[in-house]
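In: With the input below, show me the fold.
(one chain, ligands or ions: 1)
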Amino acid sequence: MKRVGILALQGDFEAHGKALARAGAGAVFVRTAGDLEGLDGLIIPGGESTTMLKLLREEKLMDPLAEFGRRRPVFGTCAGAILLAREVSNPVQDSLALMDIAVERNAYGRQLESHVSKVQPDEEFARRAGAGEMEAVFIRAPIIRRVGESVRVLARSNGDPVLVEQGPYLVATFHPELTVDSRVHRLFLSKLSDGNGARR
Ligand code: GLN
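Out: As a prediction, this is how the structure comes out:
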C-alpha cells in the first residue's frame, strides 16, 4: 500500500487522512523532516497559509519539503495550493514555489467567501479518474490567476482554473477531502505509481 504524508502542522489534515483511507492509501501525519522518510507522496492541506508558513519556518521544514517535492508527487488544497504556487498575491508571501502558477489569496468577495459549486472536470480528468460533475467546497479560497505553459487545467469554476496539475504536482483551490467523492485523491494516488514522480 502506498504511504502518503499529510502535512499536519495546522489546518484540515485529519479530513485528508480519511479521504486517503477512502481512496485506499495509508496516511502518515508529517510534523518533522524525519517524518518524510520513505513516503511516496505528500499532501499539503487547507488551513491558513500564513500560519503554516510560520510553523514551517519554526520547524525548519521549508527546505526539506521543497527537496521532497523535487523527488515525489505533492498535492496541495487551498492553503496547500498557495504554498505550492510560484507567485502569491494579496499579500505577496513566500512559498515552496514548486508549481508554475500565480494565486491570489482570499480572492472571492465577502458573499462568496465560502460556497459550494458544481464543477465539471474536463475529459482528461474523466478518462483518468472517472466522469461526472463534482461538488467543490470553497472556503476563503484563492483564485489561480495565471498558469504556466506546462500546467494542465483539469477543472474550472466560472472560468477560473480550480484543479490543475503540472507533472507530479496537483492543486485544488477547493476541498476534495470534505466530500465523499474520492476521484481527486485517486488521481493524485495514480501519480505515485506512474513514474511521474521525478519529472517536473
Ligand atoms: N484563506 C486561506 C489562506 O489564504 C486559505 C483557506 C483554506 O485553506 N481553506 O491561506
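In: Shouldn't residue 81 be within a strand?
Out: No - looking at residue 81 with DSSP: H, G, I helix; E, B strand; the rest coil, it is helix, so not inside a strand.
In: For it, give me its contacts.
Out: By C-beta atoms under 8 Å, 6 or more residues apart in numbering, the contact set of residue 81 is 101, 103, 142, 144, 171, 172, 173. (Each C-beta comes from the backbone N, C-alpha and C, glycine too.)
In: go again using 10 Å as the cut-off
Out: Residues near residue 81 by C-beta atoms under 10 Å, 6 or more residues apart in numbering: 44, 46, 49, 75, 88, 95, 99, 101, 103, 105, 141-142, 144, 162-164, 169-174.
In: One more: residue 65?
Out: So residue 65 contacts 5, 7, 30, 33, 36, 42, 44, 56, 59, 74, 83-84, 96, 98 (C-beta under 10 Å, 6+ apart).
In: Name only those of those residues that count as buried.
Out: 5, 7, 30, 36, 42, 44, 56, 74, 83, 84, 96, 98 (16 or more other C-beta atoms under 10 Å).
In: Next one, pLDDT for the third one please.
Out: Right, the one you point to is residue 30. The per-residue pLDDT reported for residue 30 equals 98.
In: Across the sheet, point out what pairs with it.
Out: residue 7 (DSSP bridges).
In: Reformat the buried ones among the contacts of residue 65 as TSV; add secondary structure and distance to residue 181.
Out: Formatted as TSV, these follow (DSSP: H, G, I helix; E, B strand; the rest coil; distance: C-beta to C-beta, whole Å):
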residue	secondary structure	distance to residue 181
5	strand	22
7	strand	22
30	strand	25
36	helix	28
42	strand	21
44	strand	20
56	helix	29
74	strand	21
83	helix	24
84	helix	22
96	coil	27
98	coil	25
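In: Next, the spatially most central residue of the chain: secondary structure please.
Out: With distances taken as C-alpha atoms, centre = their mean, residue 76 lies nearest the centre of the chain, 1.5 Å away. Counting by three-state DSSP, the backbone at residue 76 sits in strand.
In: Would you confirm that it contacts residue 83?
Out: Yes - using C-beta atoms under 10 Å, residue 76 makes contact with residue 83 at a distance of 6.0 Å.
In: between the two, what contacts are shared?
Out: 7, 44, 45, 49, 95, 96, 98, 99, 171.
In: just checking: which of those also lie near the ligand?
Out: residue 49 (C-beta under 6 Å from any ligand atom).
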